[in-house]
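Peer 1: Here is a sequence with its predicted model. Questions after.
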Amino acid sequence: MKSSSLFFKQINKKSGSVFLILICFTMFQSSAAMAQNRVNLNLKPVAFDLNTVENQLTEMMADWGETAFDVDDALVRHVSYFIKYYAVQNVDKSNNIIRRSEKYLYDIKKIFKKYSIAEDVAFALPFVESGFNPGALSNAGALGMFQFLDTTAVHYGLKIGENGLDERKDYQKSAEACAKYLRDNRRVFGSTVLSLASYHHGTRMVTDVLLNCGDDPGRQFGPIFKNSLLGPFSREYVPQCLAASLIYRYLKQNRLVMLSVPGFESKTLQAQTPVKSLKKMIPTLYKLNPDLEHAASIYPYASSNGYVLMTKIGYSSLTAEMIRTYPDWAKNPKPDPSGSTEVKGLPKTIHYVVQTHNDLSGIADIFGTSVKALKFSNRFLVKQGVHPGDVIEIKGMAPTTLALDGKSTVCDTPRALVTQEDETLETFCKRVVKTIRADCSSSRWQMGANLTPALIYYWNYDVLGNIQPDTPLEGGMNLRIYSDYRWHKTAAGSQAPPATPEALDYRYNPSVPTG
């Protein structure tokens, strides 16, 4: 279906300064500053060693629900190479693409999610195909950010006509077509990885390759990579996409907007040089190039115009411009309970998806509970701590608490609480509060009284990015909101206790400090 990927086929053969096998970032923030920003800065380096890459691939495959494709040694080696290539040799170009992606990625992830395609893929595929360039054109005639050939584009509903009409240049419509293609081929092969392969090679080619693997299992990468039916760019496509996926995960986990720029010295080898001879010349060969550890000879990658051999190691540190900052206006939003009606009914349990800027103390404070109570309800937090994407139970909430988003029912009334085009966070918050109060006017409790732009921002930092309360938003953004999240105080000024003994079923413990 596709032509060869446009990006990362050229390589600068001149040496740079020093290569970094682990991009080790050092934070120079005090613990007080970290607490103020509510950031869990458990930074992990971008690692190229085979054990780490294998573990990360295995974890990502599990998240994708991948059961039909194995993480074998060949896949780990080639993914390790492309992480090294993207994050070191070509890091300047990678950073340009990463920054460019911010303009488009929110929409692409939303479209891919509709077809149950992982957001890692939503980043990796346009990263590899076009560098997030909506006007990219290949020598074979593939056009747009998602590099569709005309026949496949028309088949998936993209219009190409006279007077310059070509919807392949419309990144949102192309993303929709791409997601449909991946979904269809995932159904065929039962594999997200093989659906990626089919996006580049075509469905028929992937089928022929699998059938041409002889006595090999056929769902491991080793026999696929060696298959004579595949050209050099085709066999390198899957490890490129997986390497880009792992880089995206690293950036998201560590709240970064770009990779560090390490120094390195390298050589580009064109011939299949024996690894033993390189080991004699470079004693630290495997530390610098872990992808060679179990290889007999180097593989001259077509995508990098030869094999990029690192010859020296250096280190780099985190700089302020690399960190996705949390704006001052939204730091530490304080709940402001209002009203004097005593809350009646059982305490409620809600489920909260942890954002990248959250830590346990911040979550406890914003929901009127304690770290001790959170750990009691979520035993995994005791050993593992909290990480972005974790879903934690928060018990003892007000019985009227509602978790609202784009498809919500507010007091029995269906509501689409999504942003409107050019609406600001301030006006969105006012509209949501007005909607909740109108729909729940018969409730004894004035719902929505606690909502502020800072609270909505706190719960949706990953989606909203670094904005101001008056920044115009895109239309159709599906933000998570909690209608109420704390026990309101009674007229006497004490926190409302559970109304009945049955509340103990929710493990609400009045002896656990709150607030």
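Peer 2: Looks like it came in fine. Residues are numbered from 1 along each chain as shown.

Peer 1: Measure how buried V382 is and give me the count.
Peer 2: 9 (other Cβ atoms under 10 Å). The C-beta positions use only the backbone N, C-alpha and C, and glycine is treated the same way.

Peer 1: Any buried residues in the helix or strand containing it, and which?
Peer 2: Taking DSSP states H and E as the definition, V382 sits inside helix 380-384. Within helix 380-384, the residues that count as buried by 16 or more other Cβ atoms under 10 Å are L381.

Peer 1: List the contacts of it.
Peer 2: Applying Cβ atoms under 8 Å, 6 or more residues apart in numbering, the set of residues contacting helix 380-384 from outside is L360, L374, K375, I392.

Peer 1: ok, now stretch 230-245?
Peer 2: Stretch 230-245 is touched from outside by 4-5, 8, 57, 60, 75, 78-79, 81-83, 85-86, 118, 120-121, 123-125, 127-128, 193, 196-197, 200-201, 205, 209, 221, 224-225, 227, 301-303, with contacts defined as Cβ under 8 Å, 6+ apart.

Peer 1: Now do the helices in the stretch 301-450 of the chain.
Peer 2: Along the stretch 301-450 of the chain, the segments classed as helices by DSSP state H, counting those that start in this stretch run 360-366, 371-377, 380-384, 425-439.

Peer 1: should've said the stretch 101-250 of the chain
Peer 2: For the stretch 101-250 of the chain, the helices defined by DSSP H, counting those that start in this stretch cover 105-114, 119-129, 150-155, 171-189, 192-201, 203-211, 221-225, 232-253.

Peer 1: need the ones you listed in TSV with distance to R486, can you?
Peer 2: Shown next, in TSV, are the helices of the stretch 101-250 of the chain (distance: least, Cβ to Cβ, whole Å):
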stretch	distance to R486
helix 105-114	30
helix 119-129	32
helix 150-155	52
helix 171-189	39
helix 192-201	41
helix 203-211	53
helix 221-225	51
helix 232-253	30
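
Peer 1: D422 is in contact with D470, correct?
Peer 2: No: taking contacts as Cβ atoms under 8 Å, D470 lies outside contact range of D422: 11.0 Å.

Peer 1: what distance separates the helix holding V382 from the middle of the whole chain?
Peer 2: Taking Cα atoms, centre = their mean, to the nearest Å, the mean C-alpha location of helix 380-384 is offset from the chain mean by 22 Å.

Peer 1: State the mean pLDDT of it.
Peer 2: Confidence for helix 380-384, expressed as mean pLDDT, is 87.

Peer 1: likewise stretch 206-215?
Peer 2: Average pLDDT, stretch 206-215: 88.

Peer 1: Just the terminal-to-terminal distance for that stretch.
Peer 2: Here the two ends of stretch 206-215 are set 17 Å apart, with distance taken as Cα to Cα, to the nearest Å.

Peer 1: do the same with stretch 209-223
Peer 2: End-to-end distance for stretch 209-223: 9 Å, by Cα to Cα.

Peer 1: For that stretch, list every residue counted as buried.
Peer 2: Buried, per 16+ other Cβ under 10 Å, within stretch 209-223: V209, L210, C213, R219, Q220, F221, G222, P223.

Peer 1: and I436, how far is that from R204?
Peer 2: Separation of I436 from R204 (Cβ to Cβ, to the nearest Å): 53 Å.

Peer 1: ranges for the strands of the stretch 301-450 of the chain?
Peer 2: Under the criterion DSSP state E, counting those that start in this stretch, the stretch 301-450 of the chain contains strands at 307-312, 348-353, 391-397, 403-404, 408-410, 413-415.

Peer 1: now for the fifth one, which elements pack on it?
Peer 2: When you say that, I think you mean strand 408-410. Helices and strands touching strand 408-410, by 3 or more Cβ pairs under 8 Å, 6 or more residues apart in numbering; DSSP states H and E, are strand 413-415, helix 425-439.

Peer 1: partners of that strand, with directions?
Peer 2: With DSSP bridges as the criterion, the sheet partners recorded for strand 408-410 are strand 413-415 (antiparallel).

Peer 1: Quick one: distance of the strand it pairs with to the chain centre.
Peer 2: Its chain's average C-alpha position is 30 Å from that of strand 413-415, according to Cα atoms, centre = their mean.

Peer 1: What lies in contact with that strand?
Peer 2: Applying Cβ under 8 Å, 6+ apart, the contact partners of strand 413-415 are L404, S408, T409, T435, D439.
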